[in-house]
Structure formats: structure tokens, C-alpha cells
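J.: just a sequence and a predicted model for now, questions to come.
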2 protein chains.
Amino acid sequence: MFKEVKALLEARQFADLRRLLVEAHPADIAAVFEELEPAMLAQVFRLLPKELAAETFAYLEPDIQQALIESLSNAELRAVLDEMYMDDTVDMVEEMPANVVKRILKVSDPDSRGEINRLLCYADDTAGSIMTTEFIDLKQDMTVRQAFDRIRKVAVDMETIYTCYVINANRVLEGVVTVRELLLSPYDAVIGDLMEDHVISVKTGDDQEQMAAIFQKYDLLSLPVVDSENRLVGIITIDDVVDVIQEENTEDFERMAALSPSEDPYLKTPVWVHAKKRLGWLLVLMFTAAITGGILNQFEDAIAAVPLLVSFIPMLMDTGGNGGSQSATLIIRGMALGEIQLRDFLRVFFKEFRVSMLVGVVLAVLSGLRIWIFYHSVPIALTVGISLVVTVMVAKVIGCMLPMAAKRMGFDPALMASPLITTVVDTCSILVYFWVAGIFLL
Amino acid sequence: MFKEVKALLEARQFADLRRLLVEAHPADIAAVFEELEPAMLAQVFRLLPKELAAETFAYLEPDIQQALIESLSNAELRAVLDEMYMDDTVDMVEEMPANVVKRILKVSDPDSRGEINRLLCYADDTAGSIMTTEFIDLKQDMTVRQAFDRIRKVAVDMETIYTCYVINANRVLEGVVTVRELLLSPYDAVIGDLMEDHVISVKTGDDQEQMAAIFQKYDLLSLPVVDSENRLVGIITIDDVVDVIQEENTEDFERMAALSPSEDPYLKTPVWVHAKKRLGWLLVLMFTAAITGGILNQFEDAIAAVPLLVSFIPMLMDTGGNGGSQSATLIIRGMALGEIQLRDFLRVFFKEFRVSMLVGVVLAVLSGLRIWIFYHSVPIALTVGISLVVTVMVAKVIGCMLPMAAKRMGFDPALMASPLITTVVDTCSILVYFWVAGIFLL
């Protein structure tokens, strides 16, 4: 679509361009904006009808949003902000520099300004920071007919209307009723009789990961957020949860690869920020690997006596590292999905023990055979084989224990993934290797 | 909740137990079933009212579903199947052994039987295999009033009613209209005028990963599935997409940790299946690591001359491996989220080149300083430092190139993650190390 837009822009056929844009989905228009030259942004944006403009704006990346805001007049900016849902506005404000935030607050009407300020106070990654304050609230004594009247009146400004929340005069959450139930009930039925009064809700300060787990467990479309007095203050919708799930997964991927997590897309992150994200763990792991090296150094005499010993070290280290990271990944992922609980510790331990014995023996036999065929040395084959079994078993048992221990102590299990385990396993494998070599070879 | 259920069961207070269960969410009841002894399953299940029983059944793991089916009578099984949504039924049938499938098909009514058989034909992981065939279809010439009448009539059997699809007499998809739009329109408005006629849809054979990306891009609640003639055959709902996203993420986590992916939960997978999942890649990587060892073997003389050289090998190998897996993870994740495209190859390459130079130099300087302080040898400090810079740069450049090359060739980029890169980088780092050592030390 970008090519068409560009061609029409260059030919200055704005009427055709407008026609093209009006028919497109805001997500697709946003993708075009990502590729446009900055100077063209405002020009194309002004072609969009008010509502489509606001929808498109919500789909843009923060850097494009900022560029646009800077080239829009106050009146234009106000029009966009009026049409946007409150949660999208707050998401955007969180990413803007101070001067842009100031301008956004200045052009907003006083009500929205208070709302934005209030939502900005919730800590990052909590339910409060993701919720929207625009939802349909009903009262217990309303009839279905009155409920529909209320929905018709306020639906235009609401992100979702299909789940309605029932509150009392103090805004305490009392029940939930879906539009489906309203549609299936007679007009004079009373909301209080229809509503489900066991409402699953979260508190404003609850972690977003926990909230995403609730959505998945109960297959929800939206989830109410209450304050400490159980008063309804907002709702979270499923489209934001999908984003949270992807964010949390990315965080785990990054932690497991010894990266400091960040939420910025790869290509938009400057080189020095990339370097900073990577250096921390690399430094720690480099110095712990130096300890492994120091231990290796102690076996100088053994190496001098049987120089061939050195050539099996990479295989031992890599296999230990890979075996450990397999177990760590399965456990970390299992805990993230709620399939493995801390109370399963002994079951996991015992399972890894048996799996690693099986895997270790197969690897050792094949590796031993290879060495016997190539080097005709039974002692070396035995040394490498036995070290492999022990290394794989140590790696897998450590690989399953460290993430669970981390979780037990309140850390993110993903921190205890492959790189850290590799370092621990390296040291163990070298100690075992030279100890076994001492028995068979020296 | 399990403890309460168990206590009531043991006290044989079935009326109280029933009261407890009726108030609970089916997802919570399913969690209780996971912990119940198999002999108790049917007894508790029979306490549930028909609709709740079916909902709970859909939340159960396949092994519990199977145990239950085997202890239910044909009439009871038919009652459960009647209440279940078609996509949940098909999901379940896919996991059952042949004799159970036979029984399910036998007790189903002929319509459902045909439907189940048809849905089972779609390949795993395609849109067709995930869709449900129960959706609300409207005609262009209906009024809003007629549309609501139709929704009221069929809504009970539908998984979602909030997005309605407009089809013609040949079932070709013509448009989409939401219940929100219907609610906001006058009763005598005509569907053909209200509907959005640019409908985003997928084909039955489309991959589930692609489908999940569409949901995320357009923030959809449901997505129509059409056949090759654009006839509407089913819809996919957001709750199934969340499962798909988690499945795809798990697959990536497992592939990146050198595991053959599987969809079974960790604790329910037998030991030998775990061993099989892990052995394949471990064997391949063990033998490629043996190549690294063979190369190391070529430098026997250098090691004999300067034995200290051996002790820096673990640090070089680990740092290279960690650095490479950092880059690979960022690129694989970026491509999975659609933030990095194949056409960004040169930008990625250039970025990794600069990042790795910066990271490599910092690591080299600190490492060189440490060696100089501990061993007072400038040539060794230089050798290790220079090798580190080259190793980190090679690692990061390979780490970004391999996943993109895999994608270009139509493989899953996650296959090219840390373990494979570690092996390639190990070999490079050892070659560079001894080459540099040859210049400064030998």
C-alpha cells in the first residue's frame, strides 16, 4: 500500500489518496506512516477523517506519534485526543518527552487531563497502568430495556460494550452481565436477577503477568479492575492482554539470552543502548568463565602428560551447556504457563534425574565408540564417556533446580537460564573430567 | 478449592458439594478435576448441571477427558457433546485414541458427526483446524430488527455473537457488522448499508502463526475463515488465538534451546519421550563440538609451549556463545513480532557490526587488564584481548545472519539459535585465538 500512497502523493492527487486511505484499515495506514518521510506525515494525516485519524494515531509507534504531534496545531491535536480511547492516550503519553506531555495536557479538556494524570500515577506493568476508564456500568435495579438505553447512549466512546459491570451507589462492583445475556432476556427483566455475582477482578496494583494469566485461565474478553475498597475503577480488554503476553514472552526470551530486557523495537534502539543491554551479563559471565579457566589451569600437568585430553573439553562444555539449557527452558516455560508449580519440585527433580541418566548414557556410548574407533584408546573413551554422563546429569539437574530456586526466592526464573547454568556446568564438567582422567590415564 | 471438594467428598455431603461447584467457574472446577483420583472423576462430574458440565469438560486436559469419557454412559456423553462448542469438540477428538473417537462419533447426532469429520480433515496448525463452524450469519437485505431476531434465536449455541458475518445465497462472505453497530442503529436500517465490506479473512489452509499475527495487527475479536471460493466456512475467536500465541512462543523457546518441540505439558510427558526430544540436537551438537576439539588438537605444540593458553579457552568459548545467542535471540524475536523484516538485512548487519565492536572492545580491555594484573604478561593480555574482539564480532554477526538466512530459505529462524551458533563460533574463536597467539607468543 505504501507504494500507491507514495505515487499519489508525488502526483499530488490528494482526492484519490484520501479515497484510498478512507477504505483502509487504520493498522494498515499506520504501517504506511512508518515508512513515510517525516515531512509528509502531517500532510497525509490531515487527509484522514477525524475518527479514522484518531484510530490510526493509536496504532503508530511512539517516534512517529511524537513527530506528528509536533507538526499538528493545537486544535488538530485536541480533535485527535478527543476521539482516542483513554488507555491508548495514556500509553502514548507514557512514551513522550516532557515538553510533548505538557502540550498534550494543555490541549486536553479538564476532565481528560485529570483522568490522564490519575492513570499516569499507576506503576508500570500493573493492571492500573493498562486499564481503560471507559466502560459500561449498570445498576442492579435497571431493567434490560434501561440497560440497552444506557448502552446506546454511551457506546460510542467505549472501547468495549459487550461486558457490562453492575455497581452500587458507592461504585462497588457487584456483578457482571454480558450483552449476549441482555439480548436473550425479556425487556422487563431486572439486571440484578440476570447478573453473575461471582466477578473475577484484579486490583489496580496487580502485576500485568498475573492479569494475563487470569485472562487465559478463564477465557475472558475483559476484566474489571477495582481499588482496595472493591470500587470499580477501570477495565482491561483482551487486545491489550495479547500485547502484555507478547511483552512478557519477549522479556523471558531476552533474560534467558543474558540480555537486559527493554521494550523498544530492535531497529529503533541506538547502538550504545544495544551495547549497554548486552554488556552487563556478558561481563559477569566472562569473569565467572575465567574461574573455569583458572581451574583448568590447575590441570596443566595432566594436559602435559596427555595432550589429547584438551581436545575433548569443547565437546564436554558444549554438551553440558546445551543439556542444561534444555532443562532450564522446559522448566522456565512450564512455570510461565502455569503447568509447573513450586510444589512439583520433587517430581521435576526425579524426572530430570531419570531423563538425564538416559540421555547421558546414550551420548556417552556413542561418543565413547567414536573415540575408540578414531583413537583406539579404551581409557580415553572411558574417561570421556563417564565424564559425559556425569556432566549431562549435573547440567540437567542444575538446569531444573536453579529456575525453581529463583522463583522460590521471588526472582524471575528466566534469569537463571542457559548462560548462567553453562558457567556453573562448565566448572563441574572440567573438575569431573580431570578427576576421571586421573583414575584411568595418569 | 480442591481441599474443600475433597473434604465434602469424603464426608459424602454431595448436596453441599454440588452447591459449591455450581457457584464456581468451569476453569476452577477443571483444576480440581486435575487433582482428583481417577475413580472420583465421574462421581463429581455427574453432580454438575448439564451446561456447566460441558463447559468444565472443555477446560480439562486430554488425559482427564479420556478417563471421564470412559466412565460416562452413552447418554451422558451425548449430553456433554451436545452442549460443547464444535471447535472444543474437535480439539478434544484430535487428542483421543481411535476407540474413544469411534465412541464419540457413534453417540453424536448425524449432523455433528459430519461436522466433526469435516473439521478433522484440516491439517494441524491451520486456520481450518482451529475455527468453529458456529457463528452468526446475516443477509444484506435484513433489517436491524430482523438481525436481532436471528441473533436471539441462535445465540445460545454460538461461542461469540458480537461479530456477525454477512453472506449471500452462495455463502460467499460479503461483509461484517458488529452488535455494537446494530445497537447504535435504528431498527429499520438495512444490514447491507451498515456493514463494513472490506472484510479481513483467512483461508482454511493458512498457518495459525500468520492468523495470530493478523489478530494482533488489527486488534480483532474474531476472524472469518473462507474456502478457496471465498465462501464463509467458519470463524476463529480471540480466546483460541491467545492459545496459539502461547503455543508458538513455546515452540520458539524449545527450538532455541535445541529441543524438538512438543505440545504436551512437562509433567505429563513420559521420561523416554523427554529423552527423545532432547537427544536429537544434543547428538548433532556433540559431534560438531568434536570438530572444534579436533581443531584444538592441531594446536598441541602451541599448548605445550605456553600451557597457560588453555586456561582462557573456556572464557573465549562462553563469551562467544553468549554474545552470539544475544544477537540471535533479538533477531529471532524481532522477526516473530514482525519488527524485523528480511529486507532489513543490511540495517541489522550494520547495527550488529557496530554493537559487537563496542561490546567486544569493552570486554577485551577489561579482560586484558585483568590478565595483565594477574599474570604480568602483555603478549598474553594482547592475545586474549584481540581474540575476544574478533570472537564477539564474529559471534554477533553470525548470530544475526543465521536466523535471517533460515527465514529466507523457508525454515523456522528459531532453529538457528544459540546452540548451533555456539558450535560455529567455538570453532572460529579457537582458530583466531591460536592464530593471534602465533603472532604474539610463539
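T.: Ah, there it is.
J.: please count neighbours and contacts with C-alpha atoms only from this point.
T.: Will do.
J.: now do the contacts for the closest residue to A:E229 other than its chain neighbours.
T.: When the adjacent residues along the chain are set aside, A:E229 lies closest to A:V172, with 7.5 Å between them (CA to CA, 6 or more residues apart in numbering or on different chains). Contacts for A:V172 (CA atoms under 8 Å, 6 or more residues apart in numbering or on different chains) come out as A:229-232.
J.: from B:V101, how far out is A:V172?
T.: Taking CA to CA, to the nearest Å as the measure, A:V172 falls 48 Å from B:V101.
J.: same thing with A:Q13?
T.: 61 Å.
J.: with A:D206 instead?
T.: 43 Å.
J.: what strand or helix carries the residue in the stretch 151-300 of chain A that chain B sits nearest to?
T.: Here the residue of the stretch 151-300 of chain A nearest chain B is A:G293; by CA to the nearest CA that distance is 4.1 Å. Using DSSP states H and E, A:G293 maps to helix A:271-297.
J.: which residue ranges of chain A form strands?
T.: Using DSSP state E, the strands found in chain A span residues A:137-138, A:163-167, A:173-178, A:202-203, A:222-226, A:232-237.
J.: who's more crowded, A:Q13 and B:V101?
T.: B:V101 (15 against 12; other CA atoms under 10 Å in any protein chain shown).
J.: once you drop chain neighbours, what's closest to the more buried one?
T.: B:V93 (6.0 Å).
J.: so what's the residue count around the one you found?
T.: B:V93 has 22 nearby residues by other CA under 10 Å.
J.: shouldn't it be in contact with B:K102?
T.: No. The pair B:V93 / B:K102 is not scored as a contact, 9.6 Å apart, by CA atoms under 8 Å.
J.: now do the contacts for A:G234.
T.: A:128, A:131-135, A:224-226.
J.: may I ask which of these has the most neighbours?
T.: Busiest of the contacts of A:G234 [other CA under 10 Å] is A:G128, holding 29 neighbours.
J.: next one: it from A:P224, what distance?
T.: Distance from A:G128 to A:P224, by CA to CA: 10 Å.
J.: quick one, what contacts the nearest residue to A:K351 once chain neighbours are set aside?
T.: What sits nearest to A:K351 in space, not counting adjacent residues and going by CA to CA, 6+ apart, is B:V271, at 6.6 Å. Contact analysis of B:V271 by CA under 8 Å, 6+ apart lists A:351, A:354-355.
J.: list the buried residues in stretch A:41-59.
T.: The neighbour-count check on stretch A:41-59 (16 or more other CA atoms under 10 Å in any protein chain shown) flags A:41-42, A:44-45, A:47-48, A:52-59 as buried.
J.: correction: stretch A:302-322
T.: Quick answer for stretch A:302-322 (16+ other CA under 10 Å): A:302-304, A:307-322.
J.: and the pLDDT for A:R370?
T.: The confidence metric pLDDT takes the value 92 at A:R370.
J.: I'd say A:P62 and A:M92 touch.
T.: Yes. Assessed by CA under 8 Å, A:P62 is found in contact with A:M92 at 6.7 Å.
J.: state the distance from A:V101 to A:E95.
T.: 9 Å.
J.: same question, A:R19
T.: For A:R19 relative to A:E95 (CA to CA), the value is 32 Å.
J.: the more surrounded of these two?
T.: Shown here are A:R19 and A:E95; by other CA under 10 Å, A:E95 has more neighbours (15 against 12).
J.: burial of the residue nearest to the more buried one when sequence neighbours are not counted, as a residue count?
T.: Using CA to CA, 6+ apart and skipping residues adjacent in sequence, the residue nearest A:E95 is A:P62, 6.3 Å away. Number of residues near A:P62 (other CA under 10 Å) recorded here: 18.
J.: and A:P62, what does it touch?
T.: A:92, A:95-96.
J.: would you format these as JSON lines with pLDDT included?
T.: Putting these into JSON lines (pLDDT from 0 to 100) gives the following:
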{"residue": "A:M92", "pLDDT": "87"}
{"residue": "A:E95", "pLDDT": "84"}
{"residue": "A:M96", "pLDDT": "87"}
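J.: can you list contacts of stretch A:305-319?
T.: A:303, A:384, A:387-388, A:391-392, A:422, A:425-426, A:429-430, A:441-442, B:282, B:285-287, B:289-290, B:292-297, B:300, B:304, B:310, B:422-423, B:426.
J.: what about A:R343, distance to A:P413?
T.: 15 Å.
J.: break chain A down into its domains, please.
T.: According to automatic domain parsing, chain A comprises the domains A:2-121, A:137-237, A:266-440.
J.: among the ones you listed, which is the most enclosed?
T.: domain A:266-440 (a mean of 21; mean count of other CA atoms under 10 Å in any protein chain shown).
J.: can you tell me the distance between the two ends of that one?
T.: Per CA to CA, domain A:266-440 runs 51 Å from first to last residue.
J.: spit out the contact partners of the closest residue to A:E83 other than its chain neighbours.
T.: In space, and not counting its chain neighbours, A:E83 is closest to A:A54: 5.7 Å by CA to CA, 6+ apart. With contact set as CA under 8 Å, 6+ apart, A:A54 has these partners: A:80-81, A:83-84.
J.: now tabulate those residues in JSON lines and tack on pLDDT.
T.: Listed next are the contacts of A:A54 as JSON lines, based on pLDDT from 0 to 100:
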{"residue": "A:V80", "pLDDT": "87"}
{"residue": "A:L81", "pLDDT": "87"}
{"residue": "A:E83", "pLDDT": "85"}
{"residue": "A:M84", "pLDDT": "86"}
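J.: just the residues you listed now: which is nearest chain B?
T.: Out of those, the member with the shortest distance to chain B (by CA to the nearest CA) is A:M84, at 15.0 Å.
J.: from what I see, the closest one and A:A58 are in contact.
T.: Yes. Between A:M84 and A:A58 there is a contact at 7.2 Å, judged by CA under 8 Å.
J.: can I get the CA coordinates of stretch A:268-279 in CSV?
T.: Extracted C-alpha coordinates of stretch A:268-279, given in CSV (Å, rounded to 0.1, in the frame of the first residue of the first chain):
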residue,chain,number,x,y,z
LYS,A,268,14.8,1.7,16.7
THR,A,269,17.2,1.1,19.6
PRO,A,270,20.5,3.1,19.2
VAL,A,271,23.8,1.2,19.1
TRP,A,272,25.0,2.3,22.5
VAL,A,273,21.8,1.2,24.1
HIS,A,274,22.1,-2.2,22.5
ALA,A,275,25.7,-2.4,23.8
LYS,A,276,24.6,-1.5,27.3
LYS,A,277,21.8,-4.1,27.3
ARG,A,278,24.3,-6.8,26.4
LEU,A,279,27.4,-5.8,28.3
